[in-house]
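# Fold the following for me, if possible:
(chains A, B, C and D)
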There are 2 protein chains.
Amino acid sequence: MTVTLRDVARAADVSVATASRALAGSSLINQATQKHVVQVAAAIGYRTNTVARALKTRKSRLIGLTVHNLENASFRVLASVVQARMQALGYQVILSISNDDAEQEREIFKTLVDHSVDGLIAVPTGSNGAQLLAMEHADTPVICAVRRVTGASLESILAADMEGAYTGTQHLLGLGHRRIGLIVGPLDTTSGKERLAGYTRAMQEAGLTVDPALIHRGRYLPETGVTGGNALLSLATPPTAIFVANHESSVGVLRVVSERGLSIPSDLSLLFYEDSPWFEWQRPAISVVDSGAADMANLAVDRLMSRLGGVANSGREYRIGSRLVERASCRALPAS
Amino acid sequence: MTVTLRDVARAADVSVATASRALAGSSLINQATQKHVVQVAAAIGYRTNTVARALKTRKSRLIGLTVHNLENASFRVLASVVQARMQALGYQVILSISNDDAEQEREIFKTLVDHSVDGLIAVPTGSNGAQLLAMEHADTPVICAVRRVTGASLESILAADMEGAYTGTQHLLGLGHRRIGLIVGPLDTTSGKERLAGYTRAMQEAGLTVDPALIHRGRYLPETGVTGGNALLSLATPPTAIFVANHESSVGVLRVVSERGLSIPSDLSLLFYEDSPWFEWQRPAISVVDSGAADMANLAVDRLMSRLGGVANSGREYRIGSRLVERASCRALPAS
DNA sequence: CTGTTAGCGCTTTCAC
DNA sequence: GTGAAAGCGCTAACAG
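Just a heads-up that it's a prediction; the model follows:
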């Protein structure tokens, strides 16, 4: 039925060992035999059985990729980029979705190990560091992306959230805004904490006292945008600009703005965090602090590949700088 | 290093065969030994080597999933649902992205076969039917989802596009609209053809002659929404409603509407095809013809599982009925 | 019910 | 440069 290396060997009149070497492109082999074997193999339609090879070499050419979901634009970009690049490098990726649930993630990691993935790129929930460390000890490189695990010495590729929020806030400040609202994620996540810190720092450096009423924190959900937007806009002195530093809530904020009949940017300036294709199709196009998902994905792949190539775990944290993308949703305030 | 079945056998003082049977939950085994082996296995931290098992049984417990991209909401839902359900069923999914490119798809299928996936759920480009058929002949079940391959007798799970477009158009007609614009995908895709057919049928049944100027067809891209929207809205007698039956162009249409300062639904009624989470967050919330991506995904999994269970290829085409989701973007026209 | 044994298809010493 | 042979870890006859 299936044509095996044996068949190739027989057809090319060499031993299986030679056939294997020829196909693997081993150096210690006669050029002529090499060519011949390769030709014969192609002729009879031979394809390496990766399972058998994996059993022997303990290399599956499979890597795991776990993300919280596929709705968040950053995770989606991560999935696309990792998939495309790893495939080009001869690896297949097993995608798993954790729903940001520690329990599910635990199961996923176990199964991935069972399938003997050669490596793992994970957006971790943060709760299964021990398991990840165990994988590292079992010589399976793990790269954390977007999120990290505190206390575990794993290579992590993160966004420079503090710096990004600082840059974004500064941009708004530079435009003359003084009352700047912030909608941010939970403060028990690194990104939530750091984005708030960046905002705070920029405000303080500008000599402004941070008004707690201008800060709304909530879950990574569209609803947060609605409650946050309404809360901020209902203030006695509402903000002249809102920095939406919680990607998922963007759509909720847009809804509130539209319901209140506010026009952007004349009534309110809006700055989002993490770019999404449709932000630029929006009218006015939304300015964003792009956290660089594609670059994070690329670096994650680069790091994984070098780990796969034998480089030791640096335990290092890499930060991808944020980038301000000015579009049309922020206006300069006339000097008053 | 790694603990094998041998170790379990030794530790439990039975043969490898018995250990294997105990772990596999074979029927022909003593309850007591069974329990004992399982306990010992857990105690020494045994985990089945799926690669070795796959080599022996020719079942990898891996399935392939190919989609054009992760941006289209339907593909995303397909990926999420298939991943979650297959995982729960003890399978892992290898995700590949074809970019709707026949060449890339060809490579993907080859690699998937190399990794001996047990089955495949594919959103096919349509150009590699022979390869898919070859997989079927090699006893690897293939289920096509969302798109199909003409001329190949493969099980396909499709949306009832003709019916959906018919329903959507009828809805608009029922609201009193007579000049209904249609923005649709390429006519060399099944969905493009069928959606146009559904629209045409509804119009004709209402006794209306179809004005070709009201039909804009274009690629599955946001740009199409811009050119299409502008073309339709620039007509001497512009439509009172636009049926955007090309998911990707939705965002482009919204942009045109906003640029022209049109208000929905008073100036123009809008009906989209294929639901997306953010459509309901939009203000006004967008009415849609939901093509049922989640249901397609579920059925695809069901079909794959029964094929995996030994059921023969029915070669059948399954259609998931569309559903009209009325929100707030279509208004009834006053009888004139 | 349990043990012995023969591979699945491949890579890789180790001899020649 | 090439071949023979030994498994990787597991399952599935086949005996007992």
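# pretty sure A:I44 contacts A:A9?
No - using CB atoms under 8 Å as the test, A:I44 is too far from A:A9 to be in contact (11.0 Å). In this view, the C-beta of every residue, glycine as well, is placed from N, C-alpha and C.
# Count the neighbours of the residue lying closest to A:A84 once chain neighbours are set aside for me.
Among residues not flanking A:A84 along the chain, B:I97 sits closest, at 6.4 Å (CB to CB, 6 or more residues apart in numbering or on different chains). Using other CB atoms under 10 Å in any protein chain shown, B:I97 has 25 neighbouring residues.
# Kindly report the same for A:I183.
Neighbour number of A:I183 under other CB under 10 Å is 28.
# isn't there a helix covering it?
No - counting by DSSP: H, G, I helix; E, B strand; the rest coil, A:I183 is not found in a helix; it is strand.
# Tell me the spacing between it and chain B.
Per CB to the nearest CB, to the nearest Å, A:I183 is found 15 Å from chain B.
# Check A:V289 too.
Taking CB to the nearest CB, one finds A:V289 at 20 Å from chain B.
# For the residue of the stretch 51-200 of chain A found nearest chain B, give me phi and psi.
Closest approach between the stretch 51-200 of chain A and chain B, counting by CB to the nearest CB: A:L95, at 4.1 Å. The phi/psi pair for A:L95 (degrees, to the nearest 10) reads phi -90, psi 130.
# pretty sure it contacts B:V82?
No - applying CB under 8 Å, one finds A:L95 not in contact with B:V82, separated by 9.8 Å.
# got any residues that touch both of the two?
Residues touching both A:L95 and B:V82 by CB atoms under 8 Å, 6 or more residues apart in numbering or on different chains: B:V93.
# Quick one: distance of the helix or strand hosting A:L324 to the chain centre.
For A:L324, the element it lies in under DSSP states H and E is strand A:323-325. Put simply, strand A:323-325 sits 18 Å off its chain's centre (CA atoms, centre = their mean, to the nearest Å).
# Show me which residues of it are buried.
If you call a residue buried by 16 or more other CB atoms under 10 Å in any protein chain shown, then strand A:323-325 has these buried ones: A:V325.
# cool, and stretch A:305-323?
Buried, per 16+ other CB under 10 Å, within stretch A:305-323: A:M305, A:R307, A:L308, A:N313, A:Y318, A:R319, A:I320, A:S322.
# Please report the distance of the residue of the stretch 201-336 of chain A found nearest DNA strand C from B:L78.
Residue nearest to DNA strand C within the stretch 201-336 of chain A: A:G310 (14.1 Å; CB to the nearest atom of the strand). Distance, A:G310 to B:L78, using CB to CB, to the nearest Å: 38 Å.
# where does chain A dip in pLDDT?
A:1, A:27, A:336 (pLDDT under 70).
# List the buried residues in the helix or strand A:E107 falls within.
Counting by DSSP H and E, the element that carries A:E107 is helix A:102-114. Neighbour-count burial for helix A:102-114, counted by 16+ other CB under 10 Å, picks out A:Q104, A:E105, A:R106, A:I108, A:F109, A:T111, A:L112, A:V113, A:D114.
# just stretch A:11-26 next, same as before
For stretch A:11-26, by 16+ other CB under 10 Å, it's A:A11, A:A12, A:V14, A:T18, A:A19, A:S20, A:R21, A:A22, A:L23.
# ok, and of those residues, which contact DNA strand D?
Taking CB under 7 Å from any atom of the strand as the test, DNA strand D is in contact with A:V14, A:T18, A:R21 out of the buried residues of stretch A:11-26.
# Output those as TSV; include the columns secondary structure.
Converted to TSV, these look like this (three-state DSSP):
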residue	secondary structure
A:V14	coil
A:T18	helix
A:R21	helix
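# which of the residues you listed lies closest to chain B?
Among these, A:R21 lies closest to chain B (CB to the nearest CB), at 19.5 Å.
# burial measure for the nearest residue to that closest one once chain neighbours are set aside, as a count.
The shortest distance from A:R21 to any non-neighbouring residue, by CB to CB, 6+ apart, is to A:I29 (5.0 Å). By the criterion of other CB under 10 Å, A:I29 has 15 neighbours.
# correct me, but A:I29 touches A:L23?
No - judged on CB under 8 Å, A:I29 makes no contact with A:L23 at a distance of 10.1 Å.
# Which other helices and strands does the helix or strand harbouring A:V289 contact?
Using DSSP H and E, A:V289 falls within strand A:287-290. On a contact count with 3 or more CB pairs under 8 Å, 6 or more residues apart in numbering or on different chains; DSSP states H and E, strand A:287-290 meets helix A:161-174, strand A:269-273, strand A:323-325.
# Dump those into TSV; add distance to B:G207 as well.
Compiled in TSV, those are given as follows (distance: least, CB to CB, whole Å):
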stretch	distance to B:G207
helix A:161-174	56
strand A:269-273	47
strand A:323-325	51
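# ranking the ones you listed by burial, who's on top?
Stretch with highest mean neighbour count among those: strand A:269-273 (a mean of 27; mean count of other CB atoms under 10 Å in any protein chain shown).
# between that one and helix A:161-174, how many degrees?
Here strand A:269-273 points in a direction 170 degrees away from that of helix A:161-174 (axes from the mean of the first three to the mean of the last three CA atoms, to 10 degrees).
# all helices of chain A, in order?
Here chain A has its helices, by DSSP state H, at A:5-12, A:16-24, A:31-43, A:50-57, A:73-88, A:102-114, A:129-137, A:161-174, A:190-205, A:222-233, A:250-259, A:293-308.
# Out of the helices and strands packed on strand A:287-290, which gets nearest to A:N72?
Proximity to A:N72 (CB to CB) singles out strand A:269-273 among these, at 11.7 Å.
# CA-only coordinates of the closest one in PDB, if you can.
The C-alpha coordinates for strand A:269-273 follow below in PDB (Å, rounded to 0.1, in the frame of the first residue of the first chain):
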ATOM      1  CA  SER A 269     -10.600  62.300  20.900                       C
ATOM      2  CA  LEU A 270     -10.200  58.600  20.900                       C
ATOM      3  CA  LEU A 271      -7.000  56.600  21.000                       C
ATOM      4  CA  PHE A 272      -7.000  52.800  21.000                       C
ATOM      5  CA  TYR A 273      -4.400  50.200  22.000                       C
END
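# Could you please name the strands that strand pairs with and the direction of each pair?
Strand pairing for strand A:269-273, determined by DSSP bridges: strand A:241-245 (parallel), strand A:287-290 (parallel).
# Residues contacting the last one, please?
Read it as strand A:287-290. By CB under 8 Å, 6+ apart, strand A:287-290 touches A:164-165, A:167-168, A:171, A:245, A:270-275, A:279, A:322-330.
# change it to 7 Å
Residues from elsewhere that reach strand A:287-290 (CB atoms under 7 Å, 6 or more residues apart in numbering or on different chains): A:164, A:167-168, A:271-273, A:275, A:279, A:322-327, A:329-330.
# do you know how far the closest residue to DNA strand D within the stretch 51-200 of chain A is from B:T111?
Closest to DNA strand D within the stretch 51-200 of chain A is A:K56: 3.7 Å, counting by CB to the nearest atom of the strand. Distance, A:K56 to B:T111, using CB to CB: 19 Å.
# and if you look at A:I286?
From A:I286 to B:T111 the distance is 39 Å (CB to CB).
# which residues does the residue nearest the centre of chain A contact?
For chain A, A:L78 is the residue whose C-alpha lies nearest the centre (CA atoms, centre = their mean; 4.3 Å). By CB under 7 Å, 6+ apart, the contact list for A:L78 reads A:V67, A:V123, A:A145, A:V146, A:A293, A:M296, A:A297.
# Contact partners for A:T224?
A:T224 sits next to A:I183, A:G218, A:N246, A:E248, A:S249, A:G252 when contact means CB under 7 Å, 6+ apart.
# about what we covered before: and A:I44 and A:A9? Which one has more around it.
With neighbours defined as other CB under 10 Å, A:I44 and A:A9 compare such that A:A9 has more, 20 against 13.
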